[in-house]
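Undergrad: output the structure for:
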Amino acid sequence: MDITASVARLRERVDEVTAAARRAPGCVTILGVTKTQSRDRVIAALAAGLTDVGENYFQEARSKYVDLPAARTHFIGHVQTNKAKPIAALFDVVQSVDRLDSGLALAKAARASGKALRALIQINISPAERFGIVPSEAPALARRLRDEGLIVDGVMAIGPLTGGIDDAFALAAATFAEVGGTTLSLGMSGDWERAIAHGSTMIRIGSAIFGPRPAREGALA
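TA: Okay, here's the model as predicted:
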């Protein structure tokens, strides 16, 4: 798959959808989800104009995110507390903070290293999703973690697989307004256009950029 052409096509379509939603040009960032992709393909995506890339698994990122060309790196997988320190060291943004203990561990690691680590509160808006805090509890968690020095910069959510997408996205947008920050990370390959209509500032896209994912050998944590 021609990554340069894919990024250009996607950017053009994002701009069209953003304009149709009567939102400002360039207000939506494309996050390239690089799960199972090679380091060379990550670098190709950055060369094609992406500024942000994200990984679900720390062990995969460790082999391909070190010394990348200029980019913001995002951790988008479930945060295990015992991996908070290396996650905080490797990534610029952690999008999946949904528990106080993992947030505190990230804040502690960031303080110890003197790093200004950004984080998003992951909220659960889908019956099928395992992770994410109850939306009504997100503002309190954000306040608590900000008190610990973590830069809580918004909200991340995964939409429902079927039905109720607009109601779920409206809830995510309302929660984002309460939490505050600059980033509503909402929308993936199948629903990003509706997410933009609801105010998403970042969409998380994998296959539309890189093509089908290569098979991953074994489970990585």
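Undergrad: and the strands in this protein?
TA: Under the criterion DSSP state E, strands of the chain are mapped to 29-33, 52-55, 72-75, 93-97, 118-124, 151-158, 183-186, 202-205.
Undergrad: keeping just the C-alphas, turn the fifth one into CSV.
TA: The one in question is strand 118-124. What follows is strand 118-124, C-alpha atoms only, in CSV (Å, rounded to 0.1, in the frame of the first residue of the first chain):
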residue,chain,number,x,y,z
ARG,A,118,0.2,14.6,28.8
ALA,A,119,-2.6,12.2,29.4
LEU,A,120,-6.2,11.7,28.3
ILE,A,121,-9.0,10.2,30.5
GLN,A,122,-10.4,7.2,28.8
ILE,A,123,-14.2,7.0,29.2
ASN,A,124,-16.4,4.1,28.5
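Undergrad: starting at the chain centroid, how far to that strand?
TA: In terms of Cα atoms, centre = their mean, to the nearest Å, the centre of strand 118-124 is found 9 Å from the chain centre.
Undergrad: same check, this time on stretch 135-151
TA: With Cα atoms, centre = their mean, you get 17 Å for stretch 135-151.
Undergrad: and Leu90, how many neighbours?
TA: Leu90: 15 surrounding residues under other Cβ atoms under 10 Å. For the C-beta atoms, the positions are set from N, CA and C on the backbone; glycine is no exception.
Undergrad: right, and it touches Ala61 too?
TA: Yes: with contact defined as Cβ atoms under 8 Å, Leu90 counts as touching Ala61 (6.0 Å).
Undergrad: which neighbours do those two share?
TA: Here Leu90 and Ala61 have 73, 75 as joint contacts, going by Cβ atoms under 8 Å, 6 or more residues apart in numbering.
Undergrad: ranges for the helices of the chain?
TA: For the chain, the helices defined by DSSP state H occupy 3-20, 39-47, 58-64, 84-90, 100-113, 138-147, 165-179, 192-197, 207-210.
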